[in-house]
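Novice: Dropping the sequence and predicted coords here.
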Amino acid sequence: MKLVFATHNHGKIREMASILADLAIDVVSADEAGVTKDVEEDGSTLEENALKKAKYVAHETHEWVIADDTGLFIDALGGAPGIHSNRWAGEQVKGNKLAEYTLQQMLKIPADKRSGNFTSVVVVVAPGGKHWTFQGKLKGTIAPSPRGTPRPLLPYDTIFIPEGERRTFAEMSESEKNAISHRGRAFEGIKKFLEERLKVDNKDYEVPR
């Protein structure tokens, strides 16, 4: 089975491929599937953005497609950056500078008020247009300074400490992160769905009840 991940973020591709490694599924990026155009993420929710990306790539490729949208929701900042996590600091602030910008907004926030959560919504779209939605959420705290080795296009990994941990995501191996992360939790739901999908040949497959 071929599965197109509607992203140009190779860090996400590696995460997805790792989680699905024991299934007969070939995970490819949007670039590898011949889709280089980005869809404007102008939805009001994570699900709206993920669905828009997935449907566009499914229309262009006629393949099974997944897309995700992820937000870091910080309680002391009223839920910011939220669905605007990749662009809340403006178009000129990208990559690791996003984490630095976020920490600047939290300079006066004490350690016991630095709670937040990472939430991922992942949508699977079939070639015929039917779609299914999966969600993963992970609570944690925001570190006072960046720690660890940042992964490409995953800037907040250096400042997010998952609940029950002392390390940031960036201080963990990929397998350690995948085992507990918000995206990993959503992907595990997709994995179970795809395991069932591989047992049937019908493209109009229904989610088992």
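Specialist: Cool, got the structure. Residues are numbered from 1 along each chain as shown.
Novice: Output the lowest mean pLDDT helix or strand found in this protein.
Specialist: helix 10-19 (a mean of 80; mean pLDDT, DSSP states H and E).
Novice: Show me what counts as buried in that helix.
Specialist: Across helix 10-19, burial judged by 16 or more other C-beta atoms under 10 Å covers 12-13, 15-17, 19. C-betas here are computed from N, CA, C, even on glycine.
Novice: Check stretch 128-144 too.
Specialist: Neighbour count says stretch 128-144 has 131-132, 134-136, 138, 140-143 buried, by 16+ other C-beta under 10 Å.
Novice: Ramachandran angles for Pro162?
Specialist: Main-chain torsions, Pro162, degrees, to the nearest 10: phi -60, psi 150.
Novice: Any idea how many residues pack against it?
Specialist: When neighbours are defined as other C-beta atoms under 10 Å, Pro162 has 21 of them.
Novice: which residues touch it?
Specialist: 138-140, 169, 180-181 (C-beta atoms under 8 Å, 6 or more residues apart in numbering).
Novice: Out of these, which two sit at the greatest distance?
Specialist: The largest separation in the contacts of Pro162, counting by C-beta to C-beta, is between Lys139 and Phe169 at 13.3 Å.
Novice: Please verify my assumption that Trp88 contacts Pro81.
Specialist: Yes: here Trp88 reaches Pro81: they are 3.9 Å apart, a contact under C-beta atoms under 8 Å.
Novice: any residues in contact with both of the two?
Specialist: Common neighbours of Trp88 and Pro81 (C-beta under 8 Å, 6+ apart) are Leu98.
Novice: ok, back up a step: of the buried residues of helix 10-19, just say which sits nearest to Ile161.
Specialist: Among the buried residues of helix 10-19, Glu15 lies closest to Ile161 (C-beta to C-beta), at 18.8 Å.
Novice: Look up phi and psi at the residue located most distally from the centre of the chain.
Specialist: Centroid-distance maximum for the chain: Lys108 at 28.9 Å, with C-alpha atoms, centre = their mean. Lys108 adopts backbone torsions of phi -100, psi 10, taken as degrees, to the nearest 10.
Novice: again, but for Lys139
Specialist: Phi and psi for Lys139, reported as degrees, to the nearest 10, are phi -80, psi 160.
Novice: Check what pLDDT Gly148 gets.
Specialist: Listed pLDDT for Gly148 reads 96.
Novice: Just the ones of the contacts of Pro162 in strands?
Specialist: Using DSSP state E, the subset of these located in strands is 138-140.
Novice: for the protein, which spans come out with low pLDDT?
Specialist: Within the chain, the ranges that satisfy pLDDT under 70 run 200-209.
Novice: At which residues are the strands of it located?
Specialist: For the chain, the strands defined by DSSP E occupy 2-5, 26-29, 64-74, 81-82, 115-125, 131-142, 160-162.
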